[in-house]
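1. Need a 3D model of the following:
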Amino acid sequence: MANKLLDNLLVIIDGSVGEGWRYIVNLGHINHTDYYQSCEQLGRGREWKLFFFSSVLCPIVLYFILAIWTLIKWSLLRSKRVIIGQPHHVKLPESVFGKARAVAVASEMSLPWSDRLQQEANKIACGQNVIGRIVGIVGFVAAMTSFGIYVHDVSDVVPDLEVCRSWLVTLEWQIDFGCNLFFLFYFFLRLLASNRKVWFLSELYTLVDYATIPTAFICFIRNRNWSGFRFLRILYIFWIPEVLQCFGLIKNRNEARLSQLVCHLAGVVLVGAGVFHLIENFHVVLENGHSYWKFLYFTLITISTVGYGDIYPLSAWGRLFTCLFIMAALGLFASSIPDIAGMVGTRYKYGGKFKLESGSHHIIVCGHITYCIAKQIMDNCFHNDHEVKNLSVVFISDDDPDLEMEALLKMNFTQVIYLQGDVLNNRDLERVAIKDAFACLIIADRSPERENSEDALNIMRVISIKNVHPTTRVIVQLLHRHNQTYLYNLPTWSAFRGDTVINVYAIRMTFLAMSCQAMGFSTLMSNLLRCYPVTQHRHAHSDLETETWNLYSAGFRAKLRVYRLSDFFVDLTFQEAARHCYSTMDLLLIGLFKRPYFHESGASGEFVINPASHLRITASHMGIFVALDSVSAERASVYCKSCHVGVRRPSEIKSCSCHSRKCHSRKCNLPCKAIPFPCYFKASYKY
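-> As a prediction, this is how the structure comes out:
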């Protein structure tokens, strides 16, 4: 029997070598069309059933081998009466088949010598090491090469689905055979790495291997090739996002989503064209057939619902597949095209880079950004009373801005910029100029599915920012108080530089608790911090209600303001200064701020609320006022003891020509007005 098989193999090899030699001799007399000759025209008949049933029998044989191997493992473990390497602890019966032993499901068993081998195969198959990534990239290149050879074989010069030629003289068949040899190796590698081998044998890429690998060996043996299901290799196009991510070409989530949409749509279209080519050309030879490119054109106009009618299926199976393909692919096409167009447009619109102009400042806002949050931040930063100049707000988020957000950005395009990205990416941090940022605000989602996960994500954002630029001031929102400990343990976290944690729930509960002790405390603090205008009150029923509402409205408009103090307040105690401000200027002085002094390490400043009586005001102190507007608060900086003593109306206190009200700070050249927003906050902490 063995001798007979050897003789047949030698006859096949001799025939192939002889045909190859005849091809080399007549190389100059053979055109490209004669190079691919239809097997039916040569009188050799069709053997498509051999190709087809080899792919069908392949999974059956593998399932049978897997069952035999499982029985062998089960019998070996039964003889040892112990379970070695069982992944789960299961309570098993004491007696089975009359023997006291442990029994487990055979699919969860593993022999000792296979554990190490399976772990190494798993690392390579999952791309966890360098060898695994190289194997994955080579597999993708081999799949694209195999599909390219298929497209070359089914171009206009192809006379039939099944062509006959010597394998030894057909270079593209040899390359395709080499690719399938690699896929055979990769198939057994993935099979070895799989823990659930029954499910692995029915996966998508395993089915592709069934349809392509056996046909390559039939082509080598029979010196003929059948186009068949070779187009399924294009399904490896779904690997493109992973390959791009492996090379670092995908920078954010939107680019990954865009690549996935494009690859899925292209894969469906190319596979559909291959199926149409197989069905319609199955019984057609040369004259009435169509190439793969024409069916690709037919597939595109079909799923786009254009349907010119110049190409249409003739067979009943082709019409049936057209109906099924339209129902399956039309929804994918209709949903993918708008998403792809939108992502491509927003990629260029919000994918730029922030350029900081000289003499200006910018704040970075990241995290959970919505229209309401962006509106509140902008109202506070660009409030008229803050006298903020040359300040920009940079929003960075992975999500596309909605219509309300886009309208808000257009209204404030000179001061606000929106970029798509993630602060966890160092390249995106460079795009927002994190090293020159005045501060970075990290906003938390107040209603997430998992609150601890939201806090963990914000902590990771802080770590990413501090790794790039440790001295950047970070203000982060956290939902739970106990998560603040992780930030305090960071070596780059420093409260002296202004790093702040805002605990949402703690502030809310504190306001509620203080409101129980002091009526109206939460209302007072909310009115001092918010910046939106007063709404009109309903019609009052009495003069008392009108007077009460007027007083509340006046207090509602009052805000915290920091202004310099004139020379009149130097050497006065805080109590004396507060009494004079309230009686003469109609101002409420609640604290002092010591202006920063500058040295090589930065600036240092200090807030003091309601200081002790022994503290006297110096020229470096600034007052913290509760005032209605900036004009009222500016009275403390222009008050002159020579010109304004005896003034009865606070509105008469205005700037005079005396030089005694000038700033005495030798190291601060700012005018005697409200300290600007960036300078105010930058001087609030020690650098």
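2. Backbone dihedrals for the nearest residue to residue 500 once chain neighbours are set aside, both of them.
-> With C-beta to C-beta, 6 or more residues apart in numbering as the criterion, residue 500 has its nearest non-adjacent residue at 4.7 Å, and that residue is residue 475. No exception for glycine: its C-beta is placed from N, CA and C like everyone else's. For residue 475, the backbone dihedrals (degrees, to the nearest 10) come out as phi -120, psi 110.
3. Ok, residue 350 next?
-> The phi/psi pair for residue 350 (degrees, to the nearest 10) is phi -120, psi 20.
4. Would you mind measuring from the closest residue to it other than its chain neighbours to residue 427?
-> The shortest distance from residue 350 to any non-neighbouring residue, by C-beta to C-beta, 6+ apart, is to residue 420 (4.2 Å). Distance, residue 420 to residue 427, by C-beta to C-beta, to the nearest Å: 12 Å.
5. When those two are compared, which one has more neighbours?
-> Taking other C-beta atoms under 10 Å, residue 420 and residue 427 do not tie; residue 420 has more neighbours (25 against 12).
6. Check the more buried one and give its pLDDT.
-> On pLDDT, residue 420 comes in at 85.
7. which residues of the stretch 201-350 of the chain fall in helices?
-> Assigned helices in the stretch 201-350 of the chain, in chain order: 204-222, 240-246, 253-280, 292-303, 316-349 (criterion: DSSP state H, counting those that start in this stretch).
8. In TSV: these, plus mean neighbour count.
-> Below are those laid out as TSV (neighbours: other C-beta atoms under 10 Å):
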stretch	mean neighbour count
helix 204-222	19
helix 240-246	17
helix 253-280	20
helix 292-303	20
helix 316-349	14
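9. Need those helices in CSV (columns: distance to residue 589 and mean pLDDT).
-> Formatted as CSV, these follow (distance: least, C-beta to C-beta, whole Å; pLDDT from 0 to 100):
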stretch, distance to residue 589, mean pLDDT
helix 204-222, 73, 88
helix 240-246, 58, 81
helix 253-280, 50, 86
helix 292-303, 73, 87
helix 316-349, 49, 80
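10. Which one of these lies nearest to residue 518?
-> When the helices of the stretch 201-350 of the chain are compared by C-beta to C-beta, helix 253-280 sits nearest residue 518, at 46.8 Å.
11. helices and strands around that closest one, which ones?
-> Secondary-structure packing of helix 253-280 (3 or more C-beta pairs under 8 Å, 6 or more residues apart in numbering; DSSP states H and E): helix 240-246, helix 292-303, helix 316-349.
12. which strands and helices sit next to the shortest one?
-> Read it as helix 240-246. With contacts defined as 3+ C-beta pairs under 8 Å, 6+ apart, the packing partners of helix 240-246 are helix 130-153, helix 253-280.
13. any idea how far it is from the chain center?
-> 14 Å (C-alpha atoms, centre = their mean, to the nearest Å).
14. For it, give me every contacting residue.
-> 127, 133, 136, 137, 140, 250, 256, 259, 260, 263 (C-beta atoms under 8 Å, 6 or more residues apart in numbering).
15. What number of residues are in the vicinity of the closest residue to residue 399 other than its chain neighbours?
-> Beyond its immediate neighbours in the sequence, the residue positioned closest to residue 399 (C-beta to C-beta, 6+ apart) is residue 369, lying 7.6 Å away. Counted with other C-beta under 10 Å, the neighbours of residue 369 add up to 21.
16. and residue 369, helix, strand or coil?
-> coil (DSSP: H, G, I helix; E, B strand; the rest coil).
17. ok so, going back, surely the residue nearest to residue 500 meets residue 502?
-> Yes: judged on C-beta atoms under 8 Å, residue 475 makes contact with residue 502 at a distance of 6.7 Å.
18. Those two: which has the busier surroundings?
-> Higher neighbour count among residue 475 and residue 502: residue 475, with 18 against 15, using other C-beta under 10 Å.
19. give me the beta-bridge partners of that one?
-> residue 441, residue 500 (DSSP bridges).
20. which residues does it contact?
-> Applying C-beta under 8 Å, 6+ apart, we find residue 475 in contact with 439, 440, 441, 442, 498, 499, 500, 502.
21. ok, now residue 465?
-> 423, 429, 434, 440, 472, 474.
22. Let's see that with 10 Å instead.
-> Residue 465 makes contact with 364, 366, 423-424, 429, 434, 437, 440, 442, 472-474, 476, 492, according to C-beta atoms under 10 Å, 6 or more residues apart in numbering.
23. Include distance to residue 353, neighbour count and secondary structure when you put those residues into JSON lines, please.
-> Below are those laid out as JSON lines (distance: C-beta to C-beta, whole Å; neighbours: other C-beta atoms under 10 Å; DSSP: H, G, I helix; E, B strand; the rest coil):
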{"residue": "364", "distance to residue 353": "13", "neighbour count": "25", "secondary structure": "strand"}
{"residue": "366", "distance to residue 353": "16", "neighbour count": "27", "secondary structure": "strand"}
{"residue": "423", "distance to residue 353": "15", "neighbour count": "22", "secondary structure": "coil"}
{"residue": "424", "distance to residue 353": "18", "neighbour count": "16", "secondary structure": "coil"}
{"residue": "429", "distance to residue 353": "11", "neighbour count": "25", "secondary structure": "helix"}
{"residue": "434", "distance to residue 353": "12", "neighbour count": "21", "secondary structure": "helix"}
{"residue": "437", "distance to residue 353": "14", "neighbour count": "21", "secondary structure": "coil"}
{"residue": "440", "distance to residue 353": "17", "neighbour count": "27", "secondary structure": "strand"}
{"residue": "442", "distance to residue 353": "21", "neighbour count": "23", "secondary structure": "strand"}
{"residue": "472", "distance to residue 353": "18", "neighbour count": "22", "secondary structure": "coil"}
{"residue": "473", "distance to residue 353": "22", "neighbour count": "21", "secondary structure": "coil"}
{"residue": "474", "distance to residue 353": "21", "neighbour count": "26", "secondary structure": "strand"}
{"residue": "476", "distance to residue 353": "24", "neighbour count": "25", "secondary structure": "strand"}
{"residue": "492", "distance to residue 353": "25", "neighbour count": "16", "secondary structure": "coil"}
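24. Just put those in a markdown table and tack on pLDDT and distance to residue 579.
-> A markdown table is the format used below for those (pLDDT from 0 to 100; distance: C-beta to C-beta, whole Å):
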| residue | pLDDT | distance to residue 579 |
| --- | --- | --- |
| 364 | 92 | 43 |
| 366 | 91 | 46 |
| 423 | 88 | 48 |
| 424 | 88 | 53 |
| 429 | 89 | 50 |
| 434 | 89 | 46 |
| 437 | 89 | 42 |
| 440 | 92 | 41 |
| 442 | 92 | 42 |
| 472 | 89 | 42 |
| 473 | 90 | 36 |
| 474 | 92 | 40 |
| 476 | 92 | 40 |
| 492 | 89 | 45 |
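25. Which pair of those spans the longest distance?
-> Counting by C-beta to C-beta, the most remote pair of the contacts of residue 465 is 424 and 473, 18.8 Å apart.
26. Show the pLDDT at the closest residue to residue 443 other than its chain neighbours.
-> Closest residue in space to residue 443, ignoring its immediate chain neighbours: residue 367 at 3.9 Å, by C-beta to C-beta, 6+ apart. On pLDDT, residue 367 comes in at 90.
27. so residue 367 touches residue 397, yeah?
-> Yes: the pair residue 367 and residue 397 qualifies as a contact (C-beta atoms under 10 Å) at a distance of 7.8 Å.
28. What's the separation between the residue most central in space within the chain and residue 398?
-> Nearest to the mean C-alpha position of the chain, by C-alpha atoms, centre = their mean, lies residue 253 at 2.6 Å. Using C-beta to C-beta, we find residue 253 at a distance of 5 Å from residue 398.
29. list the residues that contact both of those two?
-> Common neighbours of residue 253 and residue 398 (criterion: C-beta under 10 Å, 6+ apart): 420, 421, 422, 425.
30. Thanks a lot, catch you later.
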